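Trainee: predicted model follows, preceded by the sequence.
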Amino acid sequence: MALLQNRAEAAERLLIMMAEYLTNDVILLAIPRGGVPIAHVIAKTIAKPIDIVMVKKIGHPMYPEYAIGSVSPDTEFIQIREGVSEKYLKGQIETIRKKLLEKYGYFIGDHRPQTIQNKTAVILDDGIATGNSMLAAVRFVRAEQPAHLVVAAPIISLDALQKLQKEADEVVYLYAPDPFLSVGRHYEEFQQLTDQEVKLLLNDAYNHAKR
């Protein structure tokens, strides 16, 4: 049986647990695509815009679906190097980073990124499996010198929870099921979003915050 109906329900429940962090100086950061609908519910509730953190996994050269690390525009996290050449890693990092920057430009449009320094930064996703992508996001955001850095997700694996608790100031979550299986298995409804849907949600939150 799934633990959550959909992302909207998950976000409403997460919102309650995050109340102490949702102050005037909070910066909401979402990992596209799944983190954006979670952030959208919270953003509209507190009339704040959403910024995004672009991260993507590096697949194993023989098994592309198996993540060996992740990349953000400024950082990378490599978990597995055995059997993987430096040439492959370098090529993947460069290719992924270029695509992330292009996609960031599409998502953000004319909106200017908010200043994270000395603010409370909350990084949101709809679920965290290995934790590698979120770890890359944490390190990327940490470099911007927030006063407090919070990771928030409805579903998280125990392994990822332990990993992130060492690097984030706080990890807020609803469930850490064991066994974890996959993020989608814990939702009744788990539709994939298009890039256009993500952009619309970001624009809606931005416009609502400016009213």
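Mentor: Arrived safely.
Trainee: from now on I want contacts and neighbour counts done on CA atoms only, so please keep to that.
Mentor: Noted.
Trainee: all the strands of the protein, in order from the start?
Mentor: 26-30, 50-52, 56-59, 67-71, 76-78, 120-124, 148-155, 170-175 (DSSP state E).
Trainee: low-confidence stretches in the protein?
Mentor: Counting by pLDDT under 70, the ranges of the chain that qualify are 1.
Trainee: if you set the cut-off to 90 instead, what comes out?
Mentor: 1-2, 55-57, 63-83, 109-113, 130-133, 135-136, 139-140, 143, 181, 210-211 (pLDDT under 90).
Trainee: looking at the strands of the chain, which is nearest to Pro113?
Mentor: strand 50-52 (6.4 Å; Cα to Cα).
Trainee: let me have the strands of the chain in CSV, adding distance to Ala19 and mean neighbour count as columns.
Mentor: CSV is the format used below for the strands of the chain (distance: least, Cα to Cα, whole Å; neighbours: other Cα atoms under 10 Å):
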stretch, distance to Ala19, mean neighbour count
strand 26-30, 11, 25
strand 50-52, 17, 24
strand 56-59, 29, 22
strand 67-71, 30, 23
strand 76-78, 30, 19
strand 120-124, 12, 26
strand 148-155, 12, 24
strand 170-175, 11, 18
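Trainee: looking at those, which is nearest to Gly105?
Mentor: Within these, the stretch nearest Gly105 is strand 50-52; the backing value is 10.7 Å (Cα to Cα).
Trainee: list the strands paired with the closest one, with their directions.
Mentor: According to DSSP bridges, strand 50-52 has the following sheet partners: strand 26-30 (parallel).
Trainee: CA atoms only: put the longest helix anywhere in the chain into CSV for me.
Mentor: As assigned by DSSP state H, the longest helix anywhere in the chain is helix 86-108. The C-alpha trace of helix 86-108 is given here as CSV (Å, rounded to 0.1, in the frame of the first residue of the first chain):
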residue,chain,number,x,y,z
GLU,A,86,38.5,9.3,-15.8
LYS,A,87,37.8,10.1,-19.5
TYR,A,88,34.3,8.8,-19.2
LEU,A,89,33.7,10.8,-16.0
LYS,A,90,35.1,14.0,-17.4
GLY,A,91,33.1,13.7,-20.6
GLN,A,92,29.9,13.0,-18.6
ILE,A,93,30.4,15.9,-16.3
GLU,A,94,31.0,18.4,-19.1
THR,A,95,28.0,17.1,-21.2
ILE,A,96,25.6,17.1,-18.2
ARG,A,97,26.8,20.4,-16.9
LYS,A,98,26.2,22.1,-20.3
LYS,A,99,22.7,20.6,-20.5
LEU,A,100,21.9,21.7,-16.9
LEU,A,101,22.9,25.3,-17.6
GLU,A,102,20.7,25.3,-20.8
LYS,A,103,17.7,23.8,-18.9
TYR,A,104,18.2,26.3,-16.0
GLY,A,105,18.0,29.2,-18.5
TYR,A,106,14.7,27.7,-19.9
PHE,A,107,13.1,27.2,-16.5
ILE,A,108,14.2,30.5,-14.9
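Trainee: list the contacts of it.
Mentor: 51-52, 54-56, 58, 61, 71-73, 76, 195, 198-199, 202 (Cα atoms under 8 Å, 6 or more residues apart in numbering).
Trainee: go again with 7 Å.
Mentor: Helix 86-108 is contacted from outside by Met54, Ile58, Val71, Ser72, Pro73, Lys199, using Cα atoms under 7 Å, 6 or more residues apart in numbering.
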